Each structure stands twice: as structure tokens, then as C-alpha cells.
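Peer 1: My questions are about this predicted structure, shown below with the sequence.
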Amino acid sequence: MQNKERHLTPVEQKRKTDFEKTCEEMAQKGYLKRDLTVSVLQANIMGVIIMLPFAILALIMYLFANSSNNRNLSLSLSTYIVFLIVLLLLIVLHEAIHGLTWAFFAKRRWNAIAFGIIWKMLTPYCTCTEPLTKRQYIIGVAMPTLVLGFGLAGIAAGIGNFELFMLSEIMIFCGGGDFFIIMKLLLYRCRDKEVLCYDHPYECGVVAFEKK
């Protein structure tokens with residue numbers, strides 16, 4: 001959790017209360033709590049650094065597959081508008097894929113999934129309100145970028161669609177914060193193999209529970 005908490009909405013406040021109860025229950029079961037949250041700003045900066053090599057690799061792949069495609073890249077105003085609309089829809093879909101994947105693993109399915117927006121940073125988010133295994137949690141974090149980033153980049157390269165490729169590049173960078181959290185979790189060294197991950201209900205990151 002960050003040193004200075006942002007103002008929480010009533011829904012987020014309720015999730016905070018439920019989260020604190022879960023922490024107490026996990027402590028009674030013999031688990032230690034490890035906070036792996038980060039600030040949104042830190043996640044955005046580190047996310048760009050982490051994803052830049054992947055974005056460059058995707059660009060090389062696209063150029064290699066479409067080296068003979070000398071298309072005119074000047075776009076009309078209507079194309080720009082459609083591009084922005086599709087981009088907004090992909091951002092929403094990004095969070096939906098988080099929820100869909102975590103819901104598949106969660107005991108309470110969609111009842112364990114919640115969505116929100118950090119208005120100060122204009123950042124939408126999805127959170128799972130019950131503990132998952134490390135593998136389940138990482139799959140849920142990575143899935144939107146795998147599908148909307150790398151997946152779309154492969155399709156764009158295959159069909160030679162530059163606009164679709166640019167959308168995929170943006171979605172790769174949009175997943176940077178997610179991959180930063182995955183990196184923190186993979187670098188986290190616990191004393192026991194049994195680790196449960198609880199997506200933080202209102203901050204950016206995860207809380208890990210390990211056996212004492």
C-alpha cells in the first residue's frame with residue numbers, strides 16, 4: 001500500500017474493509033502478508049521501459065513481413081476518429097480480459113471481479129477480490145497484453161494492416177504496468193512454495209500471502 005492513500009470511493013472503501021478482513025483471516029491461517037504494490041506513476045514509467053524491447057521486436061516483425069508494402073500512411077480525419085474509438089474500446093476490453101481470466105479461476109467467478117477508475121490518473125482497473133495461486137494470478141495479469149498486444153501485432157503483420165499494428169503497439173505499452181507487477185512477483189523470494197496472491201482492491205499491484 002502506498003504511504004499516502006488516495007481518496008477512496010464508497011465502493012473502494014467497502015473493498016478495503018473486505019480486504020482487511022481477508023488479511024485477518026489469512027493471518028489466522030498462518031500466512032504472512034507481503035505488500036508488492038507500486039504507485040501508478042512508477043508502474044507507467046517502468047512499464048514503458050519493460051515493454052520497449054517487445055514493441056521494437058514487434059515493429060521489426062511487421063516490417064520484415066511487409067517489406068514490399070509501400071502504402072501511403074497519410075490518414076483522413078475520419079480514420080483518426082475511428083482509430084481513437086477502437087483504441088478506447090480496446091482499453092475497456094483489456095480490463096474485461098483481466099476480469100474474464102481471473103473469474104475463470106476464482107471460486108466465486110464473476111462475483112469476485114470488480115472494476116473501477118482512478119480518476120486522478122485517468123486509469124481504469126480491474127481487481128479480483130479473492131486470493132488466487134501465483135500461476136493463476138500471473139495468467140490473469142498477462143492475458144490482455146498477450147491477446148491485444150502480441151496477438152494483434154501478429155495478425156497485423158500477417159495481413160499487412162498498419163493501423164491495426166499501431167493499435168497493437170499501444171496495447172503492448174498499455175500492458176507495461178501489468179508486466180512490471182509480474183516482474184515484481186517473479187523476483188519476490190518467499191520462504192515457502194505455497195503463495196497466494198490477492199490483487200490489491202484499490203492500489204496498483206498485488207499482496208502475497210505466504211506460510212509462516
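Peer 2: Yes, it's here.
Peer 1: okay, CA-based contacts and neighbour counts for the rest of this
Peer 2: Will do.
Peer 1: how about the helices of this protein, start to end?
Peer 2: 10-28, 40-65, 77-105, 134-144, 152-159, 162-174, 176-187 (DSSP state H).
Peer 1: Other residues contacting the first one?
Peer 2: Yep, that's helix 10-28 we're talking about. Leu32, Lys33, Thr129, Pro201, Tyr202, Phe209 (Cα atoms under 8 Å, 6 or more residues apart in numbering).
Peer 1: among those, which one has the lowest pLDDT?
Peer 2: Least confident of the contacts of helix 10-28 in the model: Tyr202, at 76.
Peer 1: Show me where the chain dips below the pLDDT cut-off.
Peer 2: Scanning the chain for pLDDT under 70 picks out 1-6, 68-75, 121-122, 190-193, 212.
Peer 1: Go again with 80.
Peer 2: Confidence mapping of the chain against pLDDT under 80 gives the ranges 1-12, 40, 67-79, 116-124, 188-194, 202-203, 211-212.
Peer 1: how far away is the most centrally placed residue in it from His98?
Peer 2: In the chain, the residue lying closest to the centroid (Cα atoms, centre = their mean) is Asp178, at 3.7 Å. Asp178 sits 10 Å away from His98, taking Cα to Cα, to the nearest Å as the criterion.
Peer 1: likewise Asn111?
Peer 2: Taking Cα to Cα, one finds Asn111 at 14 Å from His98.
Peer 1: When those two are compared, which one has more neighbours?
Peer 2: Remark: of Asn111 and His98, His98 carries more neighbours, 24 against 12, as counted by other Cα atoms under 10 Å.
Peer 1: Could you give the number of residues near the closest residue to that one other than its chain neighbours?
Peer 2: In space, His98 comes closest to Gly140 once its chain neighbours are excluded; the distance is 5.3 Å by Cα to Cα, 6 or more residues apart in numbering. Here the number of neighbours of Gly140 (other Cα under 10 Å) works out to 21.
Peer 1: Identify the residues contacting Gly140.
Peer 2: Counted by Cα under 8 Å, 6+ apart, Gly140 has contacts Ile97, His98, Gly99, Thr101, Trp102.
Peer 1: Please apply the same query to Glu130.
Peer 2: Glu130 sits in contact with Ala106, Ala112, Tyr198, Asp199, where contact means Cα under 8 Å, 6+ apart.
Peer 1: Just the residues you listed: which are in strands?
Peer 2: The strands, defined by DSSP state E, take in Tyr198, Asp199 from the contacts of Glu130.
Peer 1: ok, Ile81 - how many residues close by?
Peer 2: Using other Cα under 10 Å: Ile81 sits among 11 other residues.
Peer 1: Distance of it relative to Leu88?
Peer 2: 11 Å.
Peer 1: what does Cys197 give?
Peer 2: 29 Å.
Peer 1: Looking at the two, which has the bigger crowd around it?
Peer 2: When Cys197 is set against Leu88 and neighbours are counted by other Cα under 10 Å, the residue ahead is Cys197, at 24 against 12.
Peer 1: And that one, how close does it get to Leu148?
Peer 2: 24 Å.
Peer 1: Filter the contacts of helix 10-28 down to the ones in strands?
Peer 2: Using DSSP E, the contacts of helix 10-28 in strands are Leu32, Lys33, Phe209.
Peer 1: Good, we can wrap up now.
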